[in-house]
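J.: turn this into a model:
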Amino acid sequence: MKKMVRFRSRGRGIPSLVGCLAAAFVMIAGIPSPGMAEGGVFWKEGAAGSRSKLELPAFSRLAKEVTPTVVNIRTTRRVAGRDTLRGINPPPGYDEWFDDFFKKFFNNIPENELQQKSLGSGFIISADGYVLTNNHVIAGADEIIVSLADKEEFKAGVVGTDDKTDIALIKINSTRKDFPVAVLGNSDELEIGEWVIALGNPFGFGHTLTQGIVSAKSRVIGAGPYDNFIQTDAAITPGNSGGPLIDMRGQVVGINTAIVASGQGIGFATPINMVKEILPELRETGEVARGWLGVSIQEVSPEIARAVGLDEPKGAMVTTVYPGDPAEKAGIQPGDIIVGVNGKAVEDPRALTRMIGSLKPGSKVDLSVFRDKKVLNLRAVLSKRTDERVTKLGKKTTPGGGVRDRIGLVVTDITPDVQREHDISEKEGVLVIDVDPKGPASDGRILKMDIIKEVDRKAVRNLDDYLKALSSKKKGQAVLLLLMRGSSPLYVAVDIE
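T.: The predicted model follows:
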């Protein structure tokens, strides 16, 4: 006879046990209960189960394919001994009392010829030895030496340069027709998050590979009027300049060009599609001829868009129309907003600058212009953009108002917009946004993104102060500048030419 077991409980013990079991079943089965619906999670929960495995790309395979096409570049530049020693920083406590001493010291330095050396990178794009690199790598060089991955070395000569995009095309001096060649890809197809590798010669160590992803596209960093950089966290360091940025197909999608001195994991590469547009011209003529419209322009803010009746804050607003230039002849007026070029929308002033700059002098261009709440269609015939023309017309070189000074720097006021764009904490001084490779300050002691705080020991608060201070200097005199490079002060002396 089976023994009967009776559960004794107090109150509602059995119903409570049943309720607990039911709740557990509901949770296991994934059926929401009334209690969970009222006080449960309010976010999207990931599904349980095994995680998918993400395999890293085969960087070693890419390295073997691409490394032979990458070259190390070293250059030599002959300079006068007096000019080199002028770059020495004054001692701590330097003040006006030492001015006479330093002037006598510098004037008595012998004019012995010294050599300055620099290092960079590049990559071969044709079997007969054409090499792409950055213009700043070879600017002012008297001798260029190209070293291959197998350590074989050749001399090279400059074929063409474009300082506006910081691109240079050089040619290896050799009769060889079998140099390993890099394949140029399509930078327009790049997507944020894609894997890329950077190859170059960091700090002169030799061929080095780093990997990362595309962090952003179309970055504007103040390097020039045609900024359109690819941002990557693949390590780019001094000496990497001019090397290739490679996608996972082993194709070049950019030229490693710039870094943020105060940041890590932030490098910039010039899109290869922009380079391909100017390569034939660099090879044929040695320079790039760009179209000139003859206007100064500014951003269209949301407030301006509302005030003029424009649906969106897009386009480039004309602030000045230069007499006799293509824009005036086409009928463009101050206050017009250029919203299209040859049927393509103009998003902002930099887009207009790039569009016009990509066209050749003499090109006929159809412009869509917003005026009085209507869109007008005008046609202009572009002239040639020249540095002399830019200098003469208020010396404007960028939509932000950069000015070319007497020592070959392009500088601008540090406005709130400039502070935000370049993450600058300084509020006074002038920002260097470009350096003329043929100017007095082209020897590498002054760099883009330096901030000039003083001229001859006197503080400069803005662009007017700076230009006024330089205007008092005579040809042949040296000017002493105090720079801020990141958080470090630096004195530099430059001759006025």
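J.: doesn't residue 299 make contact with residue 305?
T.: No - Residue 305 is beyond contact range of residue 299, at 10.3 Å (criterion: CB atoms under 8 Å). For the C-beta atoms, the positions are set from N, CA and C on the backbone; glycine is no exception.
J.: what residues are shared contacts of those two?
T.: Residues touching both residue 305 and residue 299 (CB atoms under 8 Å, 6 or more residues apart in numbering): residue 313.
J.: shouldn't residue 352 be within a strand?
T.: No - checked against DSSP: H, G, I helix; E, B strand; the rest coil, residue 352 lies outside a strand; its state is helix.
J.: for the nearest residue to it once chain neighbours are set aside, give the beta-bridge partners.
T.: Spatial nearest neighbour of residue 352, chain neighbours left out: residue 316 (4.2 Å); criterion: CB to CB, 6 or more residues apart in numbering. Beta bridges link residue 316 to residue 338 when assigned by DSSP bridges.
J.: low-confidence ranges in the chain?
T.: Low-confidence segments of the chain, defined by pLDDT under 70: 1-40, 46, 48-57, 79-118, 204, 222-224, 260-264, 387-401.
J.: please, where are all the helices along it?
T.: Along the chain, the stretches classed as helices by DSSP state H are 13-29, 34-39, 59-66, 81-85, 99-107, 135-138, 272-285, 302-308, 326-330, 349-357, 387-392, 416-422, 463-471.
J.: with just CA atoms, put stretch 162-179 into CSV.
T.: Listed in CSV are the C-alpha atoms of stretch 162-179, where the atom choice follows Å, rounded to 0.1, in the frame of the first residue of the first chain:
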residue,chain,number,x,y,z
ASP,A,162,50.7,71.4,-56.8
ASP,A,163,51.0,73.1,-53.5
LYS,A,164,47.2,73.7,-53.3
THR,A,165,46.6,70.0,-52.8
ASP,A,166,50.1,69.2,-51.5
ILE,A,167,50.8,66.7,-54.3
ALA,A,168,54.1,66.1,-56.2
LEU,A,169,54.9,63.8,-59.1
ILE,A,170,58.6,62.8,-59.3
LYS,A,171,60.5,60.4,-61.7
ILE,A,172,63.2,57.9,-60.8
ASN,A,173,66.3,58.5,-62.9
SER,A,174,66.6,55.0,-64.4
THR,A,175,66.1,53.2,-67.7
ARG,A,176,64.3,50.4,-66.0
LYS,A,177,60.8,49.6,-67.3
ASP,A,178,59.9,46.9,-64.7
PHE,A,179,59.3,48.8,-61.4
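J.: quick one: buried residues of it?
T.: Using 16 or more other CB atoms under 10 Å as the test for burial, stretch 162-179 gives 162, 163, 164, 165, 166, 167, 168, 169, 170, 171, 172, 179.
J.: likewise stretch 246-259?
T.: Of the residues in stretch 246-259, 246, 247, 250, 251, 252, 253, 254, 255, 256, 257, 258, 259 count as buried by neighbour count, 16+ other CB under 10 Å.
J.: okay, the nearest residue to the fourth one once chain neighbours are set aside and residue 123: tell me how far apart.
T.: Read that as residue 251. Leaving aside its chain neighbours, residue 251 sits nearest to residue 185 (3.0 Å; criterion: CB to CB, 6+ apart). The gap separating residue 185 from residue 123 is 12 Å, by CB to CB, to the nearest Å.
J.: and if you look at residue 208?
T.: The gap separating residue 208 from residue 123 is 14 Å, by CB to CB.
J.: domains in the chain, by residue range?
T.: Using automatic domain parsing, the domain parsing of the chain gives 63-172, 183-285, 291-384, 388-495.
J.: residue 47: which of those is closest?
T.: The closest of those to residue 47 is domain 183-285. By CB to CB, the value is 22.5 Å.
J.: distance from the chain centre to that closest one, please.
T.: Its chain's C-alpha centre and that of domain 183-285 lie 9 Å apart, by CA atoms, centre = their mean, to the nearest Å.
J.: more neighbours: residue 185 and residue 123, which one.
T.: The neighbour comparison of residue 185 against residue 123 (other CB atoms under 10 Å) goes to residue 123, with 24 against 21.
J.: quick one, what contacts the residue nearest to residue 352?
T.: Contacts for residue 316 (CB under 8 Å, 6+ apart) come out as 297, 298, 299, 300, 337, 338, 346, 348, 349, 351, 352, 399.
J.: distance of it from residue 293?
T.: From residue 316 to residue 293 the distance is 10 Å (CB to CB).
J.: swap in residue 445?
T.: Residue 445 sits 35 Å away from residue 293, going by CB to CB.
J.: the two: who's more crowded?
T.: Neighbours per residue, other CB under 10 Å: of residue 445 and residue 293, the larger number sits with residue 293, 28 against 19.
J.: verify the contact between the more buried one and residue 380 for me.
T.: Yes - between residue 293 and residue 380 a contact is recorded at 6.3 Å, counting by CB under 8 Å.
J.: find residues that contact each of the two.
T.: The contact sets of residue 293 and residue 380 overlap at 326, 327, 365 (CB under 8 Å, 6+ apart).
J.: and the last one, how many residues sit next to it?
T.: Applying other CB under 10 Å, we find 18 other residues in the vicinity of residue 365.
J.: ok, for it, nearest residue in space, not its chain neighbours?
T.: Nearest residue to residue 365 in three dimensions, chain neighbours excluded: residue 380, at 5.3 Å (CB to CB, 6+ apart).
J.: quick one on the thing from earlier: tell me the two of the buried residues of stretch 162-179 that are most distant?
T.: 164 and 179 (28.1 Å).
J.: overlap in contacts, residue 208 and residue 123.
T.: Common neighbours of residue 208 and residue 123 are listed as residue 199 (criterion: CB under 8 Å, 6+ apart).
J.: so who does residue 335 touch?
T.: By CB under 8 Å, 6+ apart, the contact set of residue 335 is 317, 318, 371.
J.: if we can go back for a sec, tabulate the buried residues of stretch 162-179 in CSV, adding columns for distance to residue 201.
T.: Converted to CSV, those look like this (distance: CB to CB, whole Å):
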residue, distance to residue 201
162, 22
163, 22
164, 25
165, 21
166, 17
167, 18
168, 16
169, 19
170, 15
171, 19
172, 16
179, 18
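J.: among these, which are located in strands?
T.: Mapping the buried residues of stretch 162-179 onto strands (DSSP state E) picks out 162, 167, 168, 169, 170, 171, 172.
J.: wait, which of the residues you listed is closest to residue 406?
T.: Nearest to residue 406 among those is residue 162, at 23.4 Å by CB to CB.
J.: contacting residues around the closest one?
T.: Shown in contact with residue 162 (CB under 8 Å, 6+ apart): 135, 168, 278, 282, 287, 288.
J.: again with residue 369
T.: Counting by CB under 8 Å, 6+ apart, residue 369 makes contact with 332, 336, 337, 338, 339, 375, 376, 377, 378.
J.: pull out the buried residues from those.
T.: Buried members of the contacts of residue 369, counted by 16+ other CB under 10 Å: 332, 336, 337, 338, 339, 378.
J.: I'd say the second one and residue 318 touch.
T.: In other words, residue 336. Yes - here residue 336 reaches residue 318: they are 4.7 Å apart, a contact under CB under 8 Å.
J.: returning to that earlier point: between residue 185 and residue 123, what contacts are shared?
T.: Common contacts of residue 185 and residue 123, defined by CB under 8 Å, 6+ apart, comprise residue 252.
J.: lovely, talk soon.
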